[in-house]
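[1] Sharing a sequence plus its predicted fold:
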Amino acid sequence: MSLNRREFINLAAAGIVTGLMVSSPLARAATSSKIKAIAFDAFPIFDPRPVFALAEQLFPGKGAELSIAWRTRQFEYQWLRALSGHYADFWQTTEDALVFSGELLKLDLTSDKRKQLMDAYLELKVWPDALPALRSLKSDGIRLAFLSNATSKILDAGIKNSGLDGLFEHVLSTDKIKSYKPAPRAYQMAIDAFNLKREEILFVPFAGWDAAGAKSFGYTTFWVNRLNLPAEKLGVVPDAVGQNLTDLLAFVKAAR
């Protein structure tokens with residue numbers, strides 16, 4: 001995810017831009033199939049705004065710039081390490097990216113401030129629309145899983161912080177296979193865990209690159225585009241796009 005300054009300010013202020021539901025031939029085709037399970041990236045469910053807000057609190061006037069640099073380098077480090085065969089997990093690459101970004105912007109990133117920013121990932125809670133939607137999906141018999149690049153420690157902390165115990169059948173971190181989405185074998189983890197056909201699983205990403213990766217892998221993909229960003233130019237588009245999990249719920253109900 002990358003944020004310009006205006007988008008960051010809006011996000012940190014808790015103002016969510018208007019999203020939309022996009023219907024396409026692929027989306028209409030999806031409604032004729034039976035969705036049995038949903039694999040979620042972490043951030044359609046967990047709200048990362050407190051991390052960015054803390055960056056602004058610790059570095060007034062520089063928080064947005066730090067967040068942009070940090071978030072961008074965070075994923076670059078993951079992909080570069082995976083491609084070079086020198087894997088490091090989400091926690092380490094995130095911390096390395098933070099240190100680099102602090103040096104890039106010439107900020108006084110003390111060990112205490114670095115720890116505060118990193119620990120914010122262990123304090124994440126759900127977006128306001130997430131819990132009702134997840135409970136509704138679960139009550140409708142939809143099997144749920146996380147499939148995230150985040151470590152199990154981050155995912156488990158978010159589940160505990162948000163009262164999500166018992167909702168998710170699987171909590172899948174790509175750290176288990178020492179890889180990252182959008183590698184195909186990372187997306188394969190949900191098929192193996194659910195023991196379902198690919199077309200029976202819906203994938204729900206937060207980032208546009210993840211939407212493209214999941215669609216390229218062959219998943220029916222519903223992009224929760226909370227930042228109202230344009231689709232990545234990677235040769236594929238998600239089956240449908242919505243602003244939040246309420247939109248996702250409507251899509252799934254229509255598909256059943």
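    Arrived safely, thanks for sending.

[2] tell me the contacts of the nearest residue to residue 208 once chain neighbours are set aside?
    Sequence neighbours aside, residue 232 is the residue nearest to residue 208 in space, at 4.1 Å (criterion: CB to CB, 6 or more residues apart in numbering). The C-beta positions use only the backbone N, C-alpha and C, and glycine is treated the same way. Taking CB atoms under 8 Å, 6 or more residues apart in numbering, we find residue 232 in contact with 208-209, 211-212.

[3] Residue 232 and residue 177, how far apart?
    24 Å (CB to CB, to the nearest Å).

[4] likewise residue 75?
    For residue 75, the distance to residue 177 equals 18 Å [CB to CB].

[5] More neighbours: which of these two?
    The neighbour comparison of residue 75 against residue 177 (other CB atoms under 10 Å) goes to residue 75, with 21 against 15.

[6] one step back: of the contacts of residue 232 - the most surrounded one?
    residue 211 (29 neighbours).

[7] Just the helices from the stretch 101-250 of the chain, written as ranges.
    111-119, 130-139, 152-162, 184-194, 208-217, 245-255 (DSSP state H, counting those that start in this stretch).

[8] Out of these, which is the most enclosed?
    Ranked by mean neighbour count, the helices of the stretch 101-250 of the chain are led by helix 208-217 with a mean of 23 (mean count of other CB atoms under 10 Å).

[9] Could you chop this structure up by domain?
    Structural domains annotated on the chain: 20-47+124-255, 49-121, as defined by automatic domain parsing.

[10] Now do the last one, average pLDDT.
    Here domain 49-121 scores 97 as its mean pLDDT.

[11] distance of residue 239 from residue 136?
    Taking CB to CB as the measure, residue 239 falls 20 Å from residue 136.

[12] just residue 61 next, same as before
    42 Å.

[13] mind checking the SS state of the most centrally placed residue in the chain?
    Residue closest to the mean C-alpha point of the chain, counted by CA atoms, centre = their mean, is residue 43 at 3.3 Å. At residue 43 the chain is in coil, as set by DSSP: H, G, I helix; E, B strand; the rest coil.

[14] for it, phi and psi?
    Reported as degrees, to the nearest 10, the phi and psi values for residue 43 are phi -90, psi -10.

[15] Spell out the secondary structure type for residue 88.
    Applying three-state DSSP: residue 88 is coil.

[16] That one reaches residue 80, doesn't it?
    No - the pair residue 88 / residue 80 is not scored as a contact, 10.1 Å apart, by CB atoms under 8 Å.

[17] Of the two, which one has the most company?
    Between residue 88 and residue 80, residue 88 has the larger neighbour count (other CB under 10 Å), namely 16 against 12.

[18] How about the contacts made by that one?
    Here residue 88 is in contact with 77, 81, 96 (criterion: CB under 8 Å, 6+ apart).
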